[in-house]
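>>> sequence-free structure coming up:
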Ligand SMILES: C[S@@+](CC[C@H](N)C(=O)[O-])C[C@H]1O[C@@H](n2cnc3c(N)ncnc32)[C@H](O)[C@@H]1O
């Protein structure tokens, strides 16, 4: 359902985004776009991580950038050595810690920061993951975070980056917040960054479907780019 323009404008404000983290239902709505019980939320995160499982080595150190309520890391707690969730919203981080505690997920750490330097994980990470983040921030900032995340990867590590494609414009995806809230990526935006980094494309996974606005079926709205850092051998 398309929300009225003033409501969309209000939902886009930084203060509403931040304060949405005060309760679980509002935080789930802000990060997932709909109201979800905790078990529905954790189920969705488990499904996401099982689709990505082949890119997550056992006993890995995983960094989730923009972790929100932490469900992706909670889903893989049993198979990682360490999972670190980083988010700019300290209320989301507080909820993530609480949910991890209740889930008995004890290999995880959740950290809030000011949005400037991504916290450094000592020893580096095997996988850095960002889902639903880069489409909500200006591209220049996202490129800067890509640099920072790839610097933290160990040789042979993977960067898993969710990007909204331009096809999202055909769909109902923007009905809640308005298209102004999103930054879709074209293939050349990613290619330009790849050319100046040492990362190699391993796979591009179609991710997320939405109804087309004209009612004619579904379109893929996003992709997860799996990028590999050369292992130096
Ligand atoms: C749509 S939510 C996705 C949350 C989570 N990745 C998921 O898929 O459930 C986007 C998340 O990115 C976070 N975020 C936005 N800007 C950020 C930044 N500059 N650094 C870190 N996190 C950021 C938000 O606070 C929010 O938790």
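Cool, the structure landed. Note that the coordinates shown come from a computational prediction; the quantities given were computed from them, not determined experimentally.

>>> Could you count how many residues lie near residue 212?
Neighbours of residue 212 under the rule other CB atoms under 10 Å: 14. In short, each C-beta sits where N, CA and C put it, glycine included.

>>> Contacts only, for it.
Residues in contact with residue 212 (CB atoms under 8 Å, 6 or more residues apart in numbering) are 170-172, 218-219.

>>> do the lowest-mean-pLDDT helix or strand in the chain and the ligand meet?
Sorted by mean pLDDT, DSSP states H and E, the helices and strands of the chain end with helix 5-12, the least confident at a mean of 81. No - judged by CB under 6 Å from any ligand atom, helix 5-12 and the ligand are separated, with a smallest distance of 12.2 Å.

>>> on that earlier part again, buried among the contacts of residue 212? Make that a PyMOL selection.
Under the burial definition 16 or more other CB atoms under 10 Å, those of the contacts of residue 212 that qualify are selected in PyMOL by:
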select buried, resi 171+172+219
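
>>> one step back: which of the residues in the least confident helix or strand of the chain are buried?
Buried-residue list, helix 5-12, by 16+ other CB under 10 Å: 8, 11.

>>> in which helix or strand would I find residue 63?
strand 60-65 (DSSP states H and E).

>>> Apologies, that question was intended for residue 191.
Per DSSP H and E: helix 187-196 holds residue 191.

>>> which secondary structure elements does that helix contact?
If you count contacts as 3 or more CB pairs under 8 Å, 6 or more residues apart in numbering; DSSP states H and E, helix 187-196 packs onto helix 139-152.
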